[in-house]
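Novice: The following comprises the amino acid sequence and a computationally predicted model.
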Amino acid sequence: METVIPHKCTNEPLILASASPRRSYLLEQAGLEFQVIVSDADETCPADASPRECAAMLSEKKALAVAESHPAHWVLGADTIVVTDGRILGKPSGMEEARDMITMLGGRTHQVLTGFSIFHVDKGVRHTEVISTQVTFKSLSPDEIEWYLSTGEPFDKAGAYAIQGIGTFLVKSISGSYTNVVGLPVCEVIEFFMAQGVIIRTSGNHG
Ligand SMILES: Cc1cn([C@H]2C[C@H](O)[C@@H](COP(=O)(O)OP(=O)(O)OP(=O)(O)O)O2)c(=O)[nH]c1=O
């Protein structure tokens with residue numbers, strides 16, 4: 001019989017500082033127990049910041065906003081952006097911007113950057129990484145773009161698409177972490193928490 005080894009939190013409390021249901025789902029899938037406290041950090045970047053700096057800065061802001069009031073907790077914050085031709089595409093403000101974004105991405109390769117920050121104020125831990133994934137879209141006809149917009153899916157997603165949803169039809173290939181595109185590079189997050197002894201692996205049979 002196959003034995004699955006899930007991850008388990010030790011007694012160290014963990015907070016996900018994110019309103020993203022995708023990030024919660026990814027952490028739950030990894031078997032982690034955590035609390036969600038949504039960060040009210042402002043999500044703007046200085047105009048001269050590079051895409052990498054921007055993803056790092058925003059993830060830090062989100063984690064810090066919660067970590068300062070929860071100094072005895074591990075706090076995880078993240079920020080996902082899409083980058084094409086050096087331009088940062090965040091979440092579209094409405095239909096027109098979503099249309100522009102999808103049109104810009106059609107038939108080309110872009111980068112998805114997710115910055116994640118893990119803070120523990122009492123332990124003096126402050127860790128930030130930015131992970132990059134390359135995504136190539138198929139060519140898109142105006143009808144396909146209008147149809148995808150009409151699904152309503154693009155509106156709370158960076159770059160105006162969801163690889164894990166209906167938007168899967170847009171994606172010809174990816175190079176790099178899939179979960180990074182969905183909003184959290186699970187492999188790197190788990191690796192960091194394992195190294196800190198925040199999570200352990202237990203053996204047993206799990207569905
Ligand atoms: C590219 C892409 C992004 N996304 C999502 C992940 C993020 O939730 C969102 C990018 O916005 P973010 O600002 O990173 O996150 P958020 O506003 O949803 O949540 P919070 O700031 O509270 O942490 O886009 C997908 O779900 N699928 C995709 O394929």
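Specialist: All right, it came through fine. The structure presented is a predicted model; accordingly, all values stated were derived computationally and were not measured.
Novice: now stretch 47-67, how far from the chain's geometric center?
Specialist: Centroid separation for stretch 47-67 versus its chain: 13 Å, with Cα atoms, centre = their mean, to the nearest Å.
Novice: got it, and stretch 120-130?
Specialist: Relative to its parent chain, stretch 120-130 has a centroid offset of 18 Å by Cα atoms, centre = their mean.
Novice: hey, C-alpha coordinates of it in CSV?
Specialist: Taking C-alpha atoms only, stretch 120-130 is exported to CSV below (Å, rounded to 0.1, in the frame of the first residue of the first chain):
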residue,chain,number,x,y,z
HIS,A,120,9.2,35.7,12.7
VAL,A,121,9.7,38.9,14.7
ASP,A,122,10.7,37.3,18.1
LYS,A,123,13.2,35.0,16.4
GLY,A,124,14.6,37.7,14.2
VAL,A,125,13.8,35.8,11.0
ARG,A,126,13.2,37.8,7.9
HIS,A,127,13.4,35.8,4.7
THR,A,128,12.3,36.8,1.2
GLU,A,129,12.6,35.0,-2.1
VAL,A,130,11.3,35.6,-5.6
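Novice: what is the mean pLDDT for it?
Specialist: For stretch 120-130, mean pLDDT is 97.
Novice: how about that stretch, does it get close to the ligand?
Specialist: No. Stretch 120-130 does not reach the ligand (Cβ under 6 Å from any ligand atom); its nearest approach is 12.2 Å. The C-beta positions use only the backbone N, C-alpha and C, and glycine is treated the same way.
Novice: cool, stretch 180-200 as well?
Specialist: Yes. Under the criterion of Cβ under 6 Å from any ligand atom, the ligand is reached by stretch 180-200 at Val181, Val182, Gly183.
Novice: What of stretch 147-161?
Specialist: Yes. Against the ligand, stretch 147-161 shows contacts by Cβ under 6 Å from any ligand atom at Asp156, Lys157, Ala158, Gly159, Tyr161.
Novice: my hunch is that Ile15 is in a strand, does that hold up?
Specialist: Yes. The assignment for Ile15 by DSSP: H, G, I helix; E, B strand; the rest coil puts it in a strand.
Novice: Buried ones in the longest helix seen in the chain, by neighbour count?
Specialist: Assignment by DSSP state H gives helix 51-67 as the longest helix of the chain. Going by neighbour count (16 or more other Cβ atoms under 10 Å), the buried part of helix 51-67 is 51, 54-67.
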